[in-house]
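Asks: Let's see this in three dimensions:
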Amino acid sequence: MEQDREKWNKKYKEEEYLLKEPSDIVKKFASIAPKGKALDIACGLGRNAKYLAKIGFEVDAVDISDVAINQLKNIPNINPILADLDFYQLPENKYSLILNINYLNRNLFSQIKEALINGGVLIFETFTLDKNKKLDQPKNKNYLLRKNELLRSFSDFYIVYYEEKIITKPNGEKGFISSLVAKKECII
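Replies: Numbering: from 1, shown residues only. Take a look at the predicted model:
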């Protein structure tokens, strides 16, 4: 959707983007995935994709913002992909690691499951609905997980780590997030 692209392009051009370091959950758990292909969904300016590339993954970094994607060109081991994730089709059985950080598109859940290889790892962390009015969260409830939703949605995976908690964002605001690390294990 062109409106989404314009919104994110403006954000990346005009704002001081505070999230520059890789996510803690990515730094903590990326090493449990087998080395190979990784996918960073809604990668933004690529803080997590760059980290994965440095530790040996070949990363497909997907985002709707051409401003963000252009900043990832010519970085070794990163394949920047400009795409609207409402329409992008994840390839099946390709990735040993998939990241989904600070983004929610429930329509991708089944595709994520199919895109991971057997033994592949999913690291998923995003905002969760909480009734606390003092928390900074997306206004559109469609972009907020429900409590335990990630746990239920990926219950057919081996759950390595799951937590719901209040965090302090780089701007000092508080938010409520769900964090999941899960491994696709096919036992036959």
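Asks: residue contacts, E114?
Replies: Counting by CB atoms under 8 Å, 6 or more residues apart in numbering, E114 touches L90, E92, N93. (Each C-beta comes from the backbone N, C-alpha and C, glycine too.)
Asks: In helices only, show me these.
Replies: Assigned to helices by DSSP state H, none of the contacts of E114 qualify.
Asks: of all those residues, which comes closest to R106?
Replies: Nearest to R106 out of these is L90 (CB to CB; 13.8 Å).
Asks: mind listing the helices for the chain?
Replies: 2-14, 24-29, 47-54, 66-71, 109-115, 149-153.
Asks: Name only those of the contacts of E114 that count as buried.
Replies: Burial by neighbour count, 16 or more other CB atoms under 10 Å: within the contacts of E114 this picks out L90.
Asks: Adding pLDDT and distance to N148, write the contacts of E114 out as CSV.
Replies: Conversion of the contacts of E114 to CSV gives the following (pLDDT from 0 to 100; distance: CB to CB, whole Å):
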residue, pLDDT, distance to N148
L90, 97, 24
E92, 96, 27
N93, 96, 28
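Asks: So, low pLDDT: which residues of this protein?
Replies: 1, 5, 7-10, 12-19, 130-141, 143, 169-171, 186-188 (pLDDT under 70).
Asks: quick one, strands of it?
Replies: 37-41, 58-63, 78-82, 95-101, 116-127, 158-168, 174-183 (DSSP state E).
Asks: check contacts around K73.
Replies: P80.
Asks: Distance check, it against A49.
Replies: According to CB to CB, to the nearest Å, K73 and A49 sit 12 Å apart.
Asks: Check E185 too.
Replies: Taken as CB to CB, the span from E185 to A49 is 25 Å.
Asks: Compare these two (neighbour count), which wins?
Replies: A49 (29 against 11; other CB atoms under 10 Å).
Asks: Contact partners for that one?
Replies: A49 neighbours (CB under 8 Å, 6+ apart): A38, D40, C43, V59, A61, L72, I78.
Asks: The last one pairs with what?
Replies: Same thing as I78. V59 (DSSP bridges).
Asks: ok, it - contacts?
Replies: For I78, the contact set (CB under 8 Å, 6+ apart) comprises G46, A49, K50, A53, V59, A61, L72.
Asks: Pick out the residue closest to the middle of the chain.
Replies: N100 (1.7 Å; CA atoms, centre = their mean).
Asks: All set now, cheers.
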